[in-house]
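Colleague: Sharing a model prediction with you, sequence too.
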Amino acid sequence: MRSFIFHNRFLAALLLPLSTLIFSCTGPVPMVVNNLDRQVDSVLSLMTLDEKIGQMTLYTSDMDQTGAFVRKEYEEDIKYGRVGSIFNAYGADYTRKLQDLAIKNTRLRIPLLFGYDVIHGHRTIFPVPLAEASSWDMKSIEHAARIAAIEASAEGLHWTFAPMCDIARDPRWGRIVEGSGEDPYLGSEIARARVRGFQGNSLGEVNTVVACVKHYAAYGAAQAGRDYHTTDMSQRLLREVYLPPYKAAIDEGALTVMSSFNDLDGIPATANKFLLSDVLRGEWGFDGFVVTDYNSIGELINHGVAADQAEAAAISLEAGIDMDMQAGIYPATLSNLVDKQLVSEELINIAVRRILKVKFQLGLFEDPYKYCSTEREKTLLMTPGHQEAARDMARKSFVLLKNENQLLPLSKNLKRIAVVGPLADSRQDLIGSWSAAGDWSKAVTLLEGVRAAVPQAQVQYVKGCEITGTSTDNIKQAVEVAKSADVVILAVGEAAWMSGEAASRSDIGLPGVQQTLVEAVYKTGKPVVVVLMNGRPLTIKWIDSHIPAILETWFAGTQAGNAIADVLFGDYNPSGKLPVTFPDNLGQVPVYYSMRNTGRPFEAANKYTSKYLDGPNEPLYVFGYGLSYTKFEYSPLVLDKNILTENDTISISVTVKNTGELAGEEVVQLYVHDKVASVAPPVKTLKGFKKIRIDAGEEKIVQFVLTPADLAFYRADMTYGWEKGAFRIDVGTNSRDVVSAEFNLQ
Ligand code: GLC
């Protein structure tokens, strides 16, 4: 006997005659639906073609703007069922108002879905994603996403356009800030953690939001690091490096995917059947819905793969696009295309089913207003607990790049501290790009954090120069203040707008005259700590060779200043590791740890080897690099066997000893090198990591277990699997400084 639950009496009344149900006349009695698909099909069976197309349409409100243009008619569109989802609208009252327009005016009262770019926090802003990735701390990253979901859902949001899973190996690309760096293994683990955080244990819970895996696919491989540019790569590179994090997020249960702006091998992702149907549906079994990026259907005309909007709509629908973000092309063309039998209504039914399913899973049909609670809004935003979590995440995301003669941590008994630089008291830049509903005026600056940490010290601040621009007028004042101090904390880097979308840079040095400021302060001879605030790796070779202490803090969010002070004054021992390589100079880019060896690997004494005439091959800082205030020593590796066979595992143990005076956390990294294979193997590939805390003088044994499947790759014939032969295991504190051992796979 079929049974249904509907608390939307109207819908129940409409649907029930269609089913073989026994319906009591004593009002809406609870009838249990035992099949989500049946619920969806029951609604779908009632819908007109226009109502279906309305569900495939997503428009931005004008509350926030994240793209080139905004439509003003979205409230009218809602009333007449011409749109099924709205983004960039939040707040219990405002989303209730918009939901009311749908529920009280449309024929079937299908609830709206509200989406927003909650990328690294909603009101409480966490460090930018590249910073979070530097923590290598999956629990903290998941917790940050969980808090983002709690705050976003408290303001009426059902759906976040995150996690961004784009692998990026070109620091010129501004959106490198939004991702997890250069490595697919780390990127995949982080993607999973974020999906768990956003979607929680059940989407029926009111404090969870639907995740959106973006930007599918390979958007981060934009040629020359120029945003929106062509991406072109081998199937092998696509499948081994760029696709895994998207798949990991989907395997973790993400219910939506966003197609990317770029063309991949000449086929724009939004019209790319291979990506959207063959791989996403056919290989990965994804059964959620796919939304385009902002106006991507319209941009197929610019790409030159569609002559007009109708053609753009047809090829997008046939490729596998379910929802049109902001182009308004599905509502403008699909009905006519169906009437002319140029597209099949069945494709529309498939798309609408996927969309309705998500709305059912969120519980919106039962209660379209479940997320519109002013009560939750009042109690769940920017709580002290959320602030502490943001501060903790920030501390863990900082990377200590240099600490000559243990200049850091600074003593809390210092008398005179100079805080200098254009980012030292900048509030607006601290929350970085894609900071959602974050209020930068609530961010704690570095200057405030230092003053709070050492209230008894005389802390003098001078900006010294702007982030950009040519004026050196105030450098003199900065030098004077530096001369009178015991130590200088010098905060330099980028403005928040210099990374993120449409923010590629062709030079990744310090902008403006900041380098002049750094050199002038250095010349005072005072001990200088450089605090970097930036959204990408920068070329900072001079700083590295002259400044004794360098702390990478990225854009650290609402609690930035407190978190940086925690590290500078030793209340937290830095544990971050770079998720992306810092090049020695821009000419090396792309440069990343898992390169192939080539037939002529560099030899200093040999002219005919792979090198530059005017610079090194080695980057400035390698992937996985980061120092601590203490020292960790690694024992030789212990393998439980030297021969690994098909159905077996190999265990790798290493003893890590904290030989310093301070407790600290270490990210123990495991890399593998396949010594001979049918495809030239990368010099090493990350296959595992563990972040552990070790007290001073203590040691811990860290164990990894590998199976032959962990050693699989796309072989010469593009089949995925492993090959017998010799392997080298590297375990260490970064991708270069390792202890090694070998084994054979037979
Ligand atoms: C933007 C971005 C995308 C974002 C979307 C909605 O153009 O590319 O990351 O989710 O539009 O704001």
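Modeller: Noted; the coordinates are in hand. Numbering: from 1, shown residues only.

Colleague: How about the contacts made by the residue nearest to Asp566 when sequence neighbours are not counted?
Modeller: Leaving aside its sequence neighbours, Asp566 sits nearest to Tyr572 (C-beta to C-beta, 6 or more residues apart in numbering; 4.4 Å). No exception for glycine: its C-beta is placed from N, CA and C like everyone else's. By C-beta atoms under 8 Å, 6 or more residues apart in numbering, the contact set of Tyr572 is 395-396, 563, 566.

Colleague: Between the residues you listed, which sits nearest the ligand?
Modeller: Using C-beta to the nearest ligand atom, Lys396 comes nearest to the ligand of these, at 25.1 Å.

Colleague: what helix or strand does that closest one sit in?
Modeller: Of the helices and strands defined by DSSP states H and E, Lys396 is found in helix 384-397.

Colleague: Contacts made by that helix with the rest, please.
Modeller: Helix 384-397 is contacted from outside by 121, 124-127, 131-135, 137, 140-141, 143-144, 147, 150-151, 553-554, 556-560, 562-564, 566-567, 572, 574-576, 665, using C-beta under 8 Å, 6+ apart.

Colleague: try 7 Å this time
Modeller: Judged by C-beta atoms under 7 Å, 6 or more residues apart in numbering, the contacts made with helix 384-397 from elsewhere in the structure are 121, 124-127, 131-132, 134-135, 137, 140, 143-144, 147, 554, 556-560, 562-563, 566-567, 572, 575-576.

Colleague: give me the element Ile315 is part of.
Modeller: Assigned by DSSP H and E, Ile315 falls in helix 309-319.

Colleague: what's around Gly509, how many residues?
Modeller: Counted with other C-beta atoms under 10 Å, the neighbours of Gly509 add up to 15.

Colleague: how much space between it and Val589?
Modeller: 13 Å (C-beta to C-beta, to the nearest Å).

Colleague: picking up where we left off before, toward the C-terminus, what is the element adjacent to the helix holding Lys396?
Modeller: strand 399-403.

Colleague: Can I get the helix or strand just after that following strand in PDB, CA atoms only?
Modeller: Once the chain leaves strand 399-403, the next helix or strand it forms, by DSSP H and E, is strand 416-420. Output of strand 416-420 as PDB, limited to C-alpha atoms (Å, rounded to 0.1, in the frame of the first residue of the first chain):
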ATOM      1  CA  ARG A 416      58.600  48.900  22.500                       C
ATOM      2  CA  ILE A 417      57.000  47.300  19.400                       C
ATOM      3  CA  ALA A 418      56.600  48.900  16.000                       C
ATOM      4  CA  VAL A 419      53.700  47.700  14.000                       C
ATOM      5  CA  VAL A 420      54.200  48.800  10.400                       C
END
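
Colleague: by contact count, what packs against strand 416-420?
Modeller: helix 446-453, strand 458-462, helix 475-483, strand 487-493 (3 or more C-beta pairs under 7 Å, 6 or more residues apart in numbering; DSSP states H and E).

Colleague: Show me which positions of the first one end up buried.
Modeller: Buried positions in helix 446-453, judged by neighbour count with 16 or more other C-beta atoms under 10 Å: 446-451, 453.

Colleague: what do you get for the third one?
Modeller: Within helix 475-483, the residues that count as buried by 16+ other C-beta under 10 Å are 475, 478-479, 481-482.

Colleague: and the angle from it to strand 416-420?
Modeller: Orientation of helix 475-483 against strand 416-420 (axes from the mean of the first three to the mean of the last three C-alpha atoms, to 10 degrees) gives an angle of 150 degrees.

Colleague: residues touching the most centrally placed residue in the chain, list them.
Modeller: Against the mean C-alpha coordinate of the chain, by C-alpha atoms, centre = their mean, the closest residue is Gly179 at 3.6 Å. Listed by C-beta under 7 Å, 6+ apart, the contact set of Gly179 reads 129-130, 164, 166, 168, 220.

Colleague: thinking again about what came up before, could you dump the contacts of Tyr572 into JSON lines and include neighbour count and pLDDT?
Modeller: What follows is the contacts of Tyr572, written out as JSON lines (neighbours: other C-beta atoms under 10 Å; pLDDT from 0 to 100):
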{"residue": "Arg395", "neighbour count": "26", "pLDDT": "98"}
{"residue": "Lys396", "neighbour count": "25", "pLDDT": "98"}
{"residue": "Ala563", "neighbour count": "28", "pLDDT": "98"}
{"residue": "Asp566", "neighbour count": "22", "pLDDT": "98"}
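
Colleague: Quick one: name the residues of the stretch 151-300 of the chain near the ligand.
Modeller: Contacts of the stretch 151-300 of the chain with the ligand, taken as C-beta under 6 Å from any ligand atom, map to 161, 214, 293-294.

Colleague: Run a quick neighbour tally on Asn349.
Modeller: Neighbour count of Asn349, defined by other C-beta under 10 Å: 16.

Colleague: Please determine how far it is located from the ligand.
Modeller: When distances are taken as C-beta to the nearest ligand atom, to the nearest Å, Asn349 and the ligand turn out to be 26 Å apart.

Colleague: do the same with Ser335
Modeller: Between Ser335 and the ligand the distance is 25 Å, computed by C-beta to the nearest ligand atom.

Colleague: residues near the nearest residue to that residue once chain neighbours are set aside, how many?
Modeller: Closest residue to Ser335 apart from its sequence neighbours, by C-beta to C-beta, 6+ apart: Leu49 at 5.6 Å. Residues contacting Leu49 under the criterion other C-beta under 10 Å number 14.

Colleague: before we move on, back to that, could you save the helices and strands packed on strand 416-420 as a markdown table and add columns showing distance to the ligand?
Modeller: What follows is the helices and strands packed on strand 416-420, written out as a markdown table (distance: least, C-beta to the nearest ligand atom, whole Å):
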| stretch | distance to the ligand |
| --- | --- |
| helix 446-453 | 29 |
| strand 458-462 | 36 |
| helix 475-483 | 38 |
| strand 487-493 | 23 |
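
Colleague: Contacts only, for the residue lying closest to Val479 once chain neighbours are set aside.
Modeller: Spatial nearest neighbour of Val479, chain neighbours left out: Ala520 (5.2 Å); criterion: C-beta to C-beta, 6+ apart. Contact criterion C-beta under 7 Å, 6+ apart gives 475, 478-479 as the residues in contact with Ala520.

Colleague: ok, and the closest non-adjacent residue to the residue of the stretch 501-650 of the chain found nearest the ligand?
Modeller: With C-beta to the nearest ligand atom as the measure, Glu501 is the residue of the stretch 501-650 of the chain nearest to the ligand, at 5.4 Å. Setting aside the residues directly before and after it, Glu501 is nearest to Arg175 in space (C-beta to C-beta, 6+ apart), at 6.0 Å.

Colleague: In a helix, that neighbour, correct?
Modeller: Yes: using DSSP: H, G, I helix; E, B strand; the rest coil, the assignment for Arg175 is a helix.

Colleague: okay, now it: neighbour count?
Modeller: For Arg175, the neighbour count with other C-beta under 10 Å is 28.

Colleague: Can you give me the distance of His122 to Ala495?
Modeller: Here His122 is placed at a distance of 23 Å from Ala495 (C-beta to C-beta).

Colleague: er, Ile475 I mean
Modeller: 19 Å.

Colleague: for Tyr369, same thing?
Modeller: Noted for Tyr369: a distance of 40 Å to Ala495, by C-beta to C-beta.
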